[in-house]
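S.K.: Need a 3D model of the sequence below.
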Amino acid sequence: MTELGVLKQVDHPNIVKLKDLYESNNGVYIITELAEGGELFHQLLLKGSYTEQDAANLVKQMLEGVAYLHDREIVHRDLKPENLLFKDKSDDAKLMITDFGLSKIMTSSNDILMTACGTPGYVAPAEILQTGHGKPVDIWGIGVITYTLLCGYTPFWGEDQASLFANIKSGEYEYEEDYWKEISDLAKDLIDKMLEYDPARRITTHQALEHDWFKSATDVDILENVKNNFSARQAFRKAVHLVQGVNRMRRNLDNSNGHEK
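M.R.: Presented below is the predicted three-dimensional model:
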């Protein structure tokens, strides 16, 4: 019902539109406009070229969509690349925010949300610590996405959810020289402001939209770097998951053999 409540009241080019609604004995069917362009990263990896300026344009569209939501006291709470879809396959296709299943409409700007939710790699420290959160968690999510758009991997990593959450709670990340030497200092400055640990000091959507990066992002092609890192991290994740699966099977077999004895 919250997702419907959000979709019914929003109308912005960077937010997926509600087209129709059907209800049956089994459930509610939400019909939205078709995003023919596909998921953010899937489309980026198919491009022939991709620059820091292209990344800045995508981040600006995200911020404009989220600023619209925040002005209406709506917190998305699950911003991640999979929930960002291109309207069509054209080079200048609009980026649209989707999936409002975890969103919350706040009764006032002073509301504090306590429920932990979101996708592990993109949640803010306050959500993990359950110290109360609000609009700043969306900015954190955009900060993580911006970092990833510029290098191909996320700022926080862990072999399992516990170690990932420990890294996020530390709030510490770095810009590895090998992968960030072509990226401007202004891009890093905006990321630092969006990944500010203290939610009260974190930049807002409207402040972020005024950042100088959007006027001076470089036109250096970063596609190969992003592609290589994205593919390498995906392969590494699969390897880790495979090892974890084998270890679980071994433990289960050992326990089973122990019971037989």
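S.K.: Specify the beta-bridge partners of I31.
M.R.: Bridge pairing for I31 (DSSP bridges) gives the partners D20.
S.K.: For it, give its distance to L18.
M.R.: Computed with CB to CB, to the nearest Å, the distance linking I31 and L18 is 7 Å. Every residue, glycine included, has its C-beta placed from N, CA and C.
S.K.: quick one: which of these two has more around it?
M.R.: A side-by-side neighbour count of I31 and L18, using other CB atoms under 10 Å, places L18 first with 19 against 11.
S.K.: Surely the more buried one touches Q9?
M.R.: No - with contact defined as CB atoms under 8 Å, L18 does not reach Q9; the gap is 9.4 Å.
S.K.: overlap in contacts of the two?
M.R.: By CB atoms under 8 Å, 6 or more residues apart in numbering, L18 and Q9 have no common neighbours.
S.K.: ok, and the helix or strand in the protein with the lowest average confidence?
M.R.: Using mean pLDDT, DSSP states H and E, helix 223-260 stands out as the lowest-scoring helix or strand of the chain, at a mean of 59.
S.K.: neighbours around A124, how many?
M.R.: For A124, the neighbour count with other CB under 10 Å is 25.
S.K.: residues in contact with the helix or strand harbouring E3?
M.R.: Assigned by DSSP states H and E, E3 belongs to helix 2-9. Here helix 2-9 makes contact (CB under 8 Å, 6+ apart) with 16-18, 21, 28, 30, 32, 69, 72, 74, 100-101, 103-105.
S.K.: tell me the contacts of the nearest residue to A166 once chain neighbours are set aside?
M.R.: Counting by CB to CB, 6 or more residues apart in numbering, A166 lies nearest to G158, which is 6.7 Å off, once chain neighbours are set aside. Contacts for G158 (CB under 8 Å, 6+ apart) come out as 164-167.
S.K.: And K227, by the same measure?
M.R.: Taking CB under 8 Å, 6+ apart, one finds 45, 152 in contact with K227.
S.K.: any idea how far it lies from L46?
M.R.: Between K227 and L46 the distance is 10 Å, computed by CB to CB.
S.K.: Could you do D192 as well?
M.R.: 30 Å.
S.K.: and the two? which has more neighbours close in?
M.R.: Neighbours per residue, other CB under 10 Å: of D192 and L46, the larger number sits with D192, 14 against 11.
S.K.: Past the host helix or strand of that one, which element shows up next along the chain?
M.R.: Taking DSSP H and E as the criterion, D192 maps to helix 185-194. The C-terminal neighbour of helix 185-194 among helices and strands, as given by DSSP H and E, is helix 205-209.
S.K.: ok, and what's touching that following helix?
M.R.: For helix 205-209, the surrounding residues in contact (CB under 8 Å, 6+ apart) are 60, 63-64, 66-67, 70, 135, 138-139, 142, 190, 193-194.
S.K.: so who does the residue positioned nearest the centre of the chain touch?
M.R.: Taking CA atoms, centre = their mean, the centroid of the chain lies closest to K80, which sits 2.3 Å from it. If a contact means CB under 8 Å, 6+ apart, then K80 has 119, 121-122, 141, 145 as its contacts.
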